[in-house]
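K.L.:
My questions are about this predicted structure, shown below with the sequence.
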Amino acid sequence: MKTALITGANKSIGFEAARQLLQHGYHVYLGSRDLAKGQQAADQLKSEGFAEVEPIQIDVTDGASIAAARQALGQKTTVLDVLINNAGISGAFPQEALGTDVRAIKEVFETNVFGVVGVTQAFVDLLRQSPAPRIVNVTSGLGSLTLHNDPSWKYYAVKAAAYNTSKAALNAYTIMLAYELRDTPFKVNAVDPGYTATDFNHHSGPGSVADAAARLVRAATLGPDGPTSQFFSDDNAPETGISPW
């Protein structure tokens with residue numbers, strides 16, 4: 001049975017991605033900063049008939065927590081097939097380039113960038129044991145530098161000095177990681193779940209959680225001929241599904 005770890009999976013898109021991977025026959029380790037909330041989420045999925053799910057406590061901004069999660073997972077499995085780096089924060093708005101406190105920007109980067117780097121580095125040894133490892137970095141369409149410099153883009157005016165730049169940095173890290181793993185079976189991609197109605201945006205998005213999670217799962221279950229080092233965004237590029245960086 002294939003295994004998957006999803007960070008920030010106790011609610012919203014991460015939770016739904018866990019449900020969909022369970023439907024695909026995976027054993028899912030449901031990462032949550034608060035173990036009690038993770039257990040509640042796992043119990044909810046079990047009540048729906050999914051037995052192959054269990055919570056893992058992990059705070060992606062805390063190196064000790066990441067190390068403890070790696071140790072805990074290593075006691076349960078020797079192989080990890082999928083890592084979905086889903087945990088993320090937006091930070092407080094507005095986020096002006098000249099007016100946002102550096103500490104606020106650093107806080108967003110701690111989760112959205114450095115958290116992804118720390119988790120990926122900690123769990124890559126288990127991923128290397130998989131015959132077909134997949135890493136999915138959950139980004140945003142707002143992380144596209146190309147589109148942010150195009151006045152005709154529909155989200156051109158949605159500038160956020162902390163959130164958008166953190167996702168652009170995450171996209172850059174995804175490219176570096178994919179390059180480093182280019183001669184291996186790894187598939188490493190950044191996926192924009194789309195503007196989705198969640199607590200993250202006070203349910204202002206038009207997209208559904210189910211559709212957003214399906215985008216992550218699609219990248220997590222790519223076949224051997226699937227692409228790597230791509231920025232998937234149905235929102236930015238509805239025809240091709242590949243967003244410009």
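P.N.:
Here it is on my side, so go on.

K.L.:
Residue 134 reaches residue 218, doesn't it?
P.N.:
No: the criterion here is C-beta atoms under 8 Å, and residue 134 misses it with residue 218 at 10.5 Å. Using the backbone N, CA and C atoms, a C-beta is placed for each residue, glycine as well.

K.L.:
and those two? which has more neighbours close in?
P.N.:
residue 134 (24 against 17; other C-beta atoms under 10 Å).

K.L.:
Can you list the neighbours in contact with the helix ranked longest in the chain?
P.N.:
Ranked by residue count under DSSP state H, the longest helix found in the chain is helix 163-180. Contacts of helix 163-180 with the rest of the structure, by C-beta atoms under 8 Å, 6 or more residues apart in numbering, involve 90-91, 95, 105, 108-109, 112-113, 116-117, 120, 135, 137, 139-140, 142-145, 148, 158, 186, 188-190, 228-229, 231, 245.

K.L.:
among these, which ones are buried?
P.N.:
Neighbour counting by 16 or more other C-beta atoms under 10 Å classes 90-91, 95, 105, 108-109, 112-113, 116-117, 120, 135, 137, 139-140, 142-144, 148, 186, 188-190, 228-229, 231, 245 among the contacts of helix 163-180 as buried.

K.L.:
quick check, residue 84 in a strand?
P.N.:
Yes: under DSSP: H, G, I helix; E, B strand; the rest coil, residue 84 falls within a strand.

K.L.:
Do you have the helices of this protein handy? List them.
P.N.:
For the chain, applying DSSP H gives helices covering 12-23, 35-47, 63-74, 102-109, 115-127, 145-148, 163-180, 209-220.

K.L.:
what packs against the second one?
P.N.:
Think helix 35-47. Here helix 35-47 touches helix 12-23, strand 27-32, strand 53-57, going by 3 or more C-beta pairs under 8 Å, 6 or more residues apart in numbering; DSSP states H and E.

K.L.:
Report the buried residues of that helix.
P.N.:
Using 16+ other C-beta under 10 Å as the burial criterion, the residues of helix 35-47 that qualify are 38-39, 41-42, 45.

K.L.:
same deal with the last one?
P.N.:
Neighbour-count burial for helix 209-220, counted by 16+ other C-beta under 10 Å, picks out 209, 212-220.

K.L.:
Pick out whichever of those residues sits closest to residue 24.
P.N.:
Using C-beta to C-beta, residue 217 comes nearest to residue 24 of these, at 7.0 Å.

K.L.:
thought the closest one was touching residue 17?
P.N.:
Yes: the criterion here is C-beta under 8 Å, and residue 217 meets it with residue 17 at 5.8 Å.

K.L.:
for the chain, which spans come out with low pLDDT?
P.N.:
Across the chain, the ranges flagged by pLDDT under 70 are 197-206.

K.L.:
now do 90
P.N.:
Across the chain, residues meeting the criterion (pLDDT under 90) sit at 195-207, 239.

K.L.:
Residue 99 is nearest to which of the helices and strands packed on helix 35-47?
P.N.:
Proximity to residue 99 (C-beta to C-beta) singles out helix 12-23 among the helices and strands packed on helix 35-47, at 29.1 Å.

K.L.:
For burial, what's the neighbour tally of the closest residue to residue 217 other than its chain neighbours?
P.N.:
Computed as C-beta to C-beta, 6 or more residues apart in numbering, the closest residue to residue 217 that is not its neighbour in sequence is residue 20, at 4.7 Å. Residue 20 is flanked by 19 other residues according to other C-beta under 10 Å.

K.L.:
which residues sit in contact with residue 20?
P.N.:
The contact partners of residue 20, taken as C-beta under 8 Å, 6+ apart, are 210, 213-214, 217.
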